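>>> Let's see this in three dimensions:
(chains A and B)
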Amino acid sequence: DSGVTQTPKHLITATGQRVTLRCSPRSGDLSVYWYQQSLDQGLQFLIQYYNGEERAKGNILERFSAQQFPDLHSELNLSSLELGDSALYFCASSVAPGGRETQYFGPGTRLLVL
Amino acid sequence: AQSVTQLGSHVSVSEGALVLLRCNYSSSVPPYLFWYVQYPNQGLQLLLKYTTGATLVKGINGFEAEFKKSETSFHLTKPSAHMSDAAEYFCAVGSPFLGNEKLTFGTGTRLTIIP
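Here you go, the predicted structure:
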């Protein structure tokens, strides 16, 4: 158990819908990262937050947005869902930003868009 | 830009045999290197990492990796495979640039252990 929690574990929805994925980082971790894992794209970085502020963006679609709240939990919002958005979404956290810091991954949310 | 190449999407070894999973990286600056393992229906777990210092890094579950700058490699090894090692393994490079500390992952290697 990494200490990072993600809810829900599974999500099934329809095209055009909107969903919210939630992540609680390890106690004391200030930095949160979101990654998408799909069969065709592999593991891709989406976005990073540090202490409530957006720090870096990766291959995140405009239909997707995220935020980190004062209690440091983070939410990833996916809207106007398409079939291709079906994937495993991971949240990771680290004590501080920095490429040498270990990122601890949650169990993921498996999203299926029908 | 940084990138990682993992040679061999599938590797099969017999129980008790040497495990060797290959990883090559591309980076314009000294990299931070990681190996993660993913068991079925689970998240990623850190096996080991290299940041600076000793180039031979020991990790959990008997795994180790050696950073070879001249070969731009960070191969993962384990002397004797166990059935419980069956999983997918990801090599990743961490960005040394402040303001963007993402991990860039390879495509993964699925390790199968033959009884």
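>>> Helices of the chain, start to end?
Just so you know, I chose chain A. When assigned using DSSP state H, chain A turns out to have no helices.
>>> could you list every residue that touches the residue in chain B sticking out farthest from the centre?
Largest separation from the mean C-alpha position in chain B: residue B:99, at 24.4 Å (Cα atoms, centre = their mean). Counting by Cβ atoms under 8 Å, 6 or more residues apart in numbering or on different chains, residue B:99 makes contact with A:55-56, A:97. For every residue, glycine as well, the C-beta is placed using N, CA and C.
>>> of these, buried ones?
The neighbour-count test (16 or more other Cβ atoms under 10 Å in any protein chain shown) marks A:55-56, A:97 as buried among these.
>>> Please, where are all the strands along chain A?
For chain A, strands defined by DSSP state E occupy the ranges A:5-7, A:10-13, A:19-24, A:31-38, A:42-50, A:53-57, A:64-68, A:74-78, A:87-94, A:104-105, A:109-113.
>>> okay if I get these as TSV plus mean pLDDT and distance to residue B:67?
Converted to TSV, those look like this (pLDDT from 0 to 100; distance: least, Cβ to Cβ, whole Å):
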stretch	mean pLDDT	distance to residue B:67
strand A:5-7	97	32
strand A:10-13	97	38
strand A:19-24	98	31
strand A:31-38	96	23
strand A:42-50	94	21
strand A:53-57	92	25
strand A:64-68	97	33
strand A:74-78	98	32
strand A:87-94	96	21
strand A:104-105	96	22
strand A:109-113	97	33
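>>> got those as TSV, with distance to residue B:16 columns?
Output for the strands of chain A, formatted as TSV (distance: least, Cβ to Cβ, whole Å):
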stretch	distance to residue B:16
strand A:5-7	36
strand A:10-13	37
strand A:19-24	40
strand A:31-38	31
strand A:42-50	30
strand A:53-57	43
strand A:64-68	45
strand A:74-78	43
strand A:87-94	32
strand A:104-105	30
strand A:109-113	34
